[in-house]
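Engineer: here is my input; please provide its structure:
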Amino acid sequence: MKLVLLFGPQAVGKMTVGQALEKTTGLKLFHNHMTIELLAPLFGFSDEMWRLSNSMRKEIFEAFSKSENDGMIFTFVWAFNQKEDWKMVDDIAGIFESNGGEVYFVELEAELEERLRRNKTPNRLEQKPSKRNVEQSEKRLLSSLDELRLSSEDGEIERKNYLKIDNTHLEADEVAEAIRTEFQLT
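Structural biologist: From the prediction side, this is the model:
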């Protein structure tokens, strides 16, 4: 069992890279908006929505880690300046590792101008209805720059299976191939 944790700031290309990686590896993509888009219409972006989303994700991770599947790709935004995000990552990795799984950490980063462009792409808007109000989505993206640190510092992630890629000028297929090659995912 393999778990690829694919993280980075909003609109960096996590889901699109995850889709490309899913095609070449057969690992199942579970992007973070799969639970968000289910719950946001009912609860908005409230504490209750996040509580339910995290609870659902944990149940999915636990069931999946015990399944006969080869593995999963999970995409998310990691706020490095928030202890609860570090705990969440440790908990997710622990679920898979306790069931004999291997966890791969892949961080994506891209220049802000490119992220703002990607925030409007058809694939993103199709897959993430909550992003269709582009003005509001862009406002949330920009305001997060003042509150959250969404990129790791050098040496901060001390995992053996860690890869950081600046994908500002790369296509999703190129990034997926670099991940597949680095970690020998088949």
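Engineer: who touches residue 101 in this structure?
Structural biologist: Contact analysis of residue 101 by CB atoms under 8 Å, 6 or more residues apart in numbering lists 1, 2, 3, 65, 71. (Each C-beta comes from the backbone N, C-alpha and C, glycine too.)
Engineer: same thing with residue 149?
Structural biologist: Applying CB under 8 Å, 6+ apart, the residues near residue 149 are 79, 80, 81.
Engineer: does the last one touch residue 148 like I think?
Structural biologist: Okay, so that is residue 81. Yes - Residue 81 is within contact range of residue 148, at 6.3 Å (criterion: CB atoms under 8 Å).
Engineer: more crowded one of the two?
Structural biologist: The neighbour count for residue 81 versus residue 148, taken as other CB atoms under 10 Å, is higher for residue 148 (17 against 10).
Engineer: quick one: the more buried one from residue 40, how far?
Structural biologist: 19 Å (CB to CB, to the nearest Å).
Engineer: tell me if residue 165 really is in a strand.
Structural biologist: Yes - counting by DSSP: H, G, I helix; E, B strand; the rest coil, residue 165 falls inside a strand.
Engineer: just confirm it contacts residue 107, I think it does.
Structural biologist: Yes - Residue 165 lies in contact with residue 107 (CB under 8 Å); the separation is 7.2 Å.
Engineer: so for whichever strand in the chain runs longest, mean pLDDT?
Structural biologist: Ranked by residue count, the top strand of the chain under DSSP state E comes out as strand 102-109. Averaged over strand 102-109, pLDDT sits at 98.
Engineer: what's it packed up against?
Structural biologist: The elements that strand 102-109 packs onto, with contact taken as 3 or more CB pairs under 8 Å, 6 or more residues apart in numbering; DSSP states H and E, are strand 2-7, helix 83-98, strand 162-166, helix 172-182.
Engineer: what strands line up against that strand, and which way round?
Structural biologist: strand 2-7 (parallel), strand 162-166 (parallel) (DSSP bridges).
Engineer: right, and these - which one's nearest residue 61?
Structural biologist: strand 2-7 (8.1 Å; CB to CB).
Engineer: and the closest one with helix 172-182, angle?
Structural biologist: Here the directions of strand 2-7 and helix 172-182 differ by 130 degrees (axes from the mean of the first three to the mean of the last three CA atoms, to 10 degrees).
Engineer: return the distance of whatever helix or strand residue 117 lives in from the chain's centre.
Structural biologist: Residue 117 is located in helix 112-118, with elements delineated by DSSP states H and E. A distance of 17 Å separates the centroid of the chain from that of helix 112-118, by CA atoms, centre = their mean, to the nearest Å.
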